[in-house]
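Visitor: Mind looking at a prediction? Sequence and model below.
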Amino acid sequence: MTTEPGKELRLRHEVKHQINRQEDLVLRSRLSRLFPRDSHAGPDGSYRVTSLYFDTPQDRALRQKADGVDHREKFRLRYYGSDLSFIRLEKKYKLNGLCGKRSTGLTVRQVQMLLSGNISFLADSADPLLSELYSKLQGQRLMPKTVVCYDREAFTYKPGNVRITLDRRVRTGLSRTDFLNTELLCPEVLSDYTVLEVKYDAFLPDIVRMAVQVPHRQGQSCSKYALCRRLD
């Protein structure tokens, strides 16, 4: 796993649950009374997330996720709502059960170049993350795979640096060429369920632990990328 020279990995706990609609309604009501929503949320309290995930021709990231490999990483492009002025390249990594992320900005033009196979600007960049992506596009034959889209409602709690998210209507655009189409109509892959994620630093405050409890539910692996790849 490649890391940026001179910088330590920032690792966080990340717990996921797949919950049904009724559980979602109960949690949403409870969380909205206890915690502030993400400041970027729209009038209904949520916002759309659109991502484009990269993988190798052998689907290394997908297979490592399915096999439970503990030291793994994946790259994705991401923007929010219909705002293409804020596109991020993100590298997510998992190490010893903890998760982390590094990110940097890209312009629409750079994304268009990347998707068309013109990646020379990555090699010329002084940004370590862009340079790493270039190296893995070349060395591992990493390539854009599929678009993942969903509606997110997020809550925060400063003690423990906690972030609680409810991701609904997980859907896929299937093709990488759809990524910049903000009007894209995507088929749903998880219409009857919501993905609950709880992320925190060193400790999870009791108030959060109690608030996110769902009877008879256990933390489980639930990759939105893996769900969307089922339609390939």
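Guide: Alright, I've got the coordinates.
Visitor: residue ranges of the strands in the chain, please?
Guide: Along the chain, the stretches classed as strands by DSSP state E are 13-20, 47-55, 72-80, 83-95, 98-106, 143-157, 162-172, 188-190, 193-200.
Visitor: so what's Cys99 closest to, chain neighbours aside?
Guide: With sequence-adjacent residues excluded and distances taken as Cβ to Cβ, 6 or more residues apart in numbering, Cys99 is closest to Glu14, at 4.3 Å. In short, each C-beta sits where N, CA and C put it, glycine included.
Visitor: Might you report the residue contacts of Cys222?
Guide: For Cys222, the contact set (Cβ atoms under 8 Å, 6 or more residues apart in numbering) comprises 16-18, 195.
Visitor: and the gap between it and Glu153?
Guide: As defined by Cβ to Cβ, to the nearest Å, Cys222 lies at a distance of 16 Å from Glu153.
Visitor: Report how many residues lie close to Asp55.
Guide: 23 (other Cβ atoms under 10 Å).
Visitor: same question, the one 3 residues further on
Guide: Neighbour count of Gln58, defined by other Cβ under 10 Å: 10.
Visitor: And the one 5 residues further on, by the same measure?
Guide: Counted by other Cβ under 10 Å, the residues lying close to Arg63 total 14.
Visitor: ok so, going back, any chance of the strands of the chain in JSON lines, with distance to Leu130 and mean pLDDT too?
Guide: Putting those into JSON lines (distance: least, Cβ to Cβ, whole Å; pLDDT from 0 to 100) gives the following:
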{"stretch": "strand 13-20", "distance to Leu130": "25", "mean pLDDT": "92"}
{"stretch": "strand 47-55", "distance to Leu130": "13", "mean pLDDT": "96"}
{"stretch": "strand 72-80", "distance to Leu130": "11", "mean pLDDT": "96"}
{"stretch": "strand 83-95", "distance to Leu130": "7", "mean pLDDT": "95"}
{"stretch": "strand 98-106", "distance to Leu130": "6", "mean pLDDT": "96"}
{"stretch": "strand 143-157", "distance to Leu130": "15", "mean pLDDT": "95"}
{"stretch": "strand 162-172", "distance to Leu130": "26", "mean pLDDT": "96"}
{"stretch": "strand 188-190", "distance to Leu130": "30", "mean pLDDT": "87"}
{"stretch": "strand 193-200", "distance to Leu130": "25", "mean pLDDT": "95"}
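Visitor: In CSV, list those strands along with distance to Val212.
Guide: Converted to CSV, these look like this (distance: least, Cβ to Cβ, whole Å):
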stretch, distance to Val212
strand 13-20, 8
strand 47-55, 20
strand 72-80, 23
strand 83-95, 21
strand 98-106, 17
strand 143-157, 10
strand 162-172, 6
strand 188-190, 19
strand 193-200, 6
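Visitor: now for these, which one comes closest to Pro215?
Guide: Comparison of those against Pro215 by Cβ to Cβ identifies strand 13-20 as nearest, at 10.6 Å.
Visitor: Only the C-alpha atoms, please, for that closest one, written as PDB.
Guide: Listed next in PDB are the C-alpha coordinates belonging to strand 13-20 (Å, rounded to 0.1, in the frame of the first residue of the first chain):
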ATOM      1  CA  HIS A  13     -13.200   3.200  12.900                       C
ATOM      2  CA  GLU A  14     -16.000   2.500  10.400                       C
ATOM      3  CA  VAL A  15     -19.000   0.300  11.200                       C
ATOM      4  CA  LYS A  16     -21.700  -0.500   8.600                       C
ATOM      5  CA  HIS A  17     -25.200  -1.900   8.900                       C
ATOM      6  CA  GLN A  18     -27.800  -2.700   6.200                       C
ATOM      7  CA  ILE A  19     -31.200  -1.700   7.600                       C
ATOM      8  CA  ASN A  20     -34.800  -1.800   6.300                       C
END
